[in-house]
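1. Sequence and predicted structure below; questions after.
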Amino acid sequence: MSKQWQIVKLGAVLAPVDRGETVNAEKEYRLLGIRLDGQGPFLRETVMGTQTSASKLFCVAKGDFIYSRLFACRGAFGVISDELDGCYVSGEFPTFVPVPGKVDVQFLKYWFRLPSVIACVDKNCSGSTPLTRNRFKEHFFLSLDVPLPSIVEQCRIVARIEELVAKIQEAREVRHHASAEVEALLRSYLGKLFGNFYTGTSGTLRINNWERLDAVVDDVADGPHITPNYVSTGVPFITVLNITSGHIRFNDHKFISLADHAQFQRRAKAEVGDVLISKDGTIGVPCFIDTTRDFSFFVSVALVKPKRGVLDGEFLTWIIRSPYLQDRIAARSRGDMIRHLVLREIRDLTVPVPPLSQQRQIVAELNGLQTVVDELRGFQTETAIQIDALLPSLLSKAFSGEL
């Protein structure tokens, strides 16, 4: 912090404002929420007065500084923008107006994204019951010490921060675009390789033998149609979330008892060489089972057991990832809000079945390509971490008077 900066109480530069209104049953209200981590206010929903349980709501105006009592410890601070002018909040969102010529609310918005400031907020959160726990009361907020340069310098710092933030966001978008391009290239390659059975488009492999999946597998089954009794330790219980990477992730899962596991295996027993497919929510993601570790899985996951002498499980995994089957799976899924893929549609999928030796050769080539893709993803992940680290560093410099 520069020597020219002064330490002042927030209460000296922000004044509470109360624009409370008794709720009118016939009036429409645009209600706000506040995102965490300094992401600011957003329009949550629009309701009629009859649709809210609140008897009183509070109008906000452009340029107000606002925060959430309950989620202040997670960075729920922000400034009301032009498009949110005239919206409403409940009494859980204290609102303030800046003292003219004393503070730029945008400067405060960024100040409240400093980890040291949020740590201070968290320390002063109070409450011991479910209704009051973790609330950041106004007297704590107004008594915070904030370092302030002149209003002119505040505006300059905000402009510089926003200029650099725009560049950080541009870098994020470039990285995201590059990641999407890698996925698109892999998808395109698979499309050219296998073609599209349903449209009669031949792939570069020119496979002549195509079979209905039900004819080349021993079983297609899903997990138990009940929620099991979870235990603190036991057999891993896998859901869609544990397979969407294409590999089984034995972390962040629940456990079931050995007795429940034995019962569930009577319905579907997963073994090395089998394939799992997500069938609810995020549908059509295949996962090759390459582990001997025991596990059970939920109804949202389907198990496919290829005939060992006919169809290689890893080859099947690549086939399911191909565009023609992904499009087919999407077209045959059901549901409006949450998509579902029934077992009958999985059994009805048509897949290429070249000789096993060719299947394994294709798998080796595609796995080699996957290694290259994973290396690119790893590089992109490292880049993403570096990009995400730029903003905290930028803010630290800004509020140390070094920007």
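-> Nice, I can see it.

2. if I look at the residue nearest the centre of the chain, how far off is Q265?
-> Nearest residue to the geometric centre of the chain (C-alpha atoms, centre = their mean): L241, 11.8 Å. To Q265, L241 is 21 Å away according to C-beta to C-beta, to the nearest Å. Glycine gets a C-beta too; all of them are placed from N, C-alpha and C.

3. The stretch 1-150 of the chain: helices as residue ranges?
-> 105-111, 115-123, 138-142 (DSSP state H, counting those that start in this stretch).

4. Need the contact partners of the longest one.
-> By C-beta atoms under 8 Å, 6 or more residues apart in numbering, the residues outside helix 115-123 that reach it are A72, C73, R74, G75, W111, F112, F136, F140, L144, P392.

5. which of those lies closest to V275?
-> R74 (40.0 Å; C-beta to C-beta).

6. If we ignore the residues flanking it in sequence, what's nearest that closest one?
-> Closest residue to R74 apart from its sequence neighbours, by C-beta to C-beta, 6 or more residues apart in numbering: L36 at 4.5 Å.

7. Next, the one you found: phi, psi?
-> In terms of degrees, to the nearest 10, the main-chain angles of L36 are phi -80, psi 170.

8. Skip the chain neighbours and tell me the closest residue to R212.
-> T350 (5.7 Å).

9. Now do the one you found against R328, distance only.
-> For T350, the distance to R328 - C-beta to C-beta - is 8 Å.

10. out of these two, which sits in the more crowded spot?
-> R328 (19 against 16; other C-beta atoms under 10 Å).

11. follow-up on the earlier one: select only the buried ones of the contacts of helix 115-123 in PyMOL?
-> Here is the PyMOL command that selects the buried residues among those (16 or more other C-beta atoms under 10 Å):
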select buried, resi 72+73+74+75+111+112+136+140+144
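
12. and the contacts of helix 115-123, which two are the farthest apart?
-> Maximum distance among the contacts of helix 115-123 (C-beta to C-beta): 23.6 Å, for F140 and P392.

13. who touches stretch 190-210?
-> Taking C-beta under 8 Å, 6+ apart as the rule, stretch 190-210 contacts 318-319, 321-324, 328, 350-354, 362, 366.

14. cool, and stretch 221-229?
-> Residues contacting stretch 221-229 (C-beta under 8 Å, 6+ apart): 237, 256-257, 260, 263-264, 267-268, 279, 296-303, 343.

15. try it again with 10 Å
-> 235, 237-239, 254-257, 259-261, 263-264, 266-270, 276-277, 279-280, 296-305, 341-343, 346 (C-beta atoms under 10 Å, 6 or more residues apart in numbering).

16. where in this protein is pLDDT low?
-> 1-3, 126-133, 176, 178-179, 377-388, 403 (pLDDT under 70).

17. So D214 sits against L311, correct?
-> No: with contact defined as C-beta atoms under 10 Å, D214 does not reach L311; the gap is 11.6 Å.

18. Which of the two has more residues huddled nearby?
-> L311 (25 against 14).

19. For that one, give its distance to D274.
-> Distance from L311 to D274, by C-beta to C-beta: 11 Å.

20. before we move on, what about M48?
-> 53 Å.

21. The contacts of helix 115-123 in strands, which ones?
-> Among the contacts of helix 115-123, no residue falls in strands (DSSP state E).

22. As a markdown table, the contacts of helix 115-123 with distance to C120 would be great.
-> Output for the contacts of helix 115-123, formatted as a markdown table (distance: C-beta to C-beta, whole Å):
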| residue | distance to C120 |
| --- | --- |
| A72 | 11 |
| C73 | 10 |
| R74 | 14 |
| G75 | 12 |
| W111 | 11 |
| F112 | 10 |
| F136 | 10 |
| F140 | 9 |
| L144 | 7 |
| P392 | 16 |
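
23. Nearest to V8 among the contacts of helix 115-123?
-> Among the contacts of helix 115-123, and counting by C-beta to C-beta, the member closest to V8 is L144, at 9.7 Å.

24. Pull up the gap between the nearest residue to P94 once chain neighbours are set aside and D327, please.
-> Computed as C-beta to C-beta, 6+ apart, the closest residue to P94 that is not its neighbour in sequence is E138, at 5.1 Å. Separation of E138 from D327 (C-beta to C-beta): 55 Å.

25. And E21, by the same measure?
-> 52 Å.

26. Then C287?
-> 20 Å.

27. same question, E402
-> 53 Å.

28. So these two - more neighbours on which side?
-> The residue with more neighbours, out of E402 and D327, is D327; 15 against 9, by other C-beta under 10 Å.

29. Now that one. Its backbone dihedrals?
-> Torsion angles, degrees, to the nearest 10, at D327: phi -70, psi -40.

30. who touches it in this structure?
-> Taking C-beta under 10 Å, 6+ apart, one finds G191, N196, Y198, T199, G284 in contact with D327.

31. Out of these, which end up buried?
-> Applying 16+ other C-beta under 10 Å to the contacts of D327 flags G191, N196, G284 as buried.

32. Surely the first one is within a strand?
-> This points to G191. No: judged by DSSP: H, G, I helix; E, B strand; the rest coil, G191 forms no part of a strand; its state is helix.

33. all strands for the stretch 101-250 of the chain, in order.
-> 145-148, 195-196, 201-202, 210-212, 217-222, 230-231, 235-238 (DSSP state E, counting those that start in this stretch).

34. Flag every buried residue along the longest one.
-> When you say that, I think you mean strand 217-222. V217, V220, D222.

35. May I see those residues organised as a markdown table, with distance to K397 added?
-> Shown next, in a markdown table, are these (distance: C-beta to C-beta, whole Å):
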| residue | distance to K397 |
| --- | --- |
| V217 | 59 |
| V220 | 58 |
| D222 | 54 |
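
36. Show me just the buried residues among the contacts of stretch 221-229.
-> Looks like these have 235, 237-239, 254-256, 260-261, 264, 268-270, 276-277, 279-280, 296-298, 300-305, 341, 343, 346 buried, using 16+ other C-beta under 10 Å.
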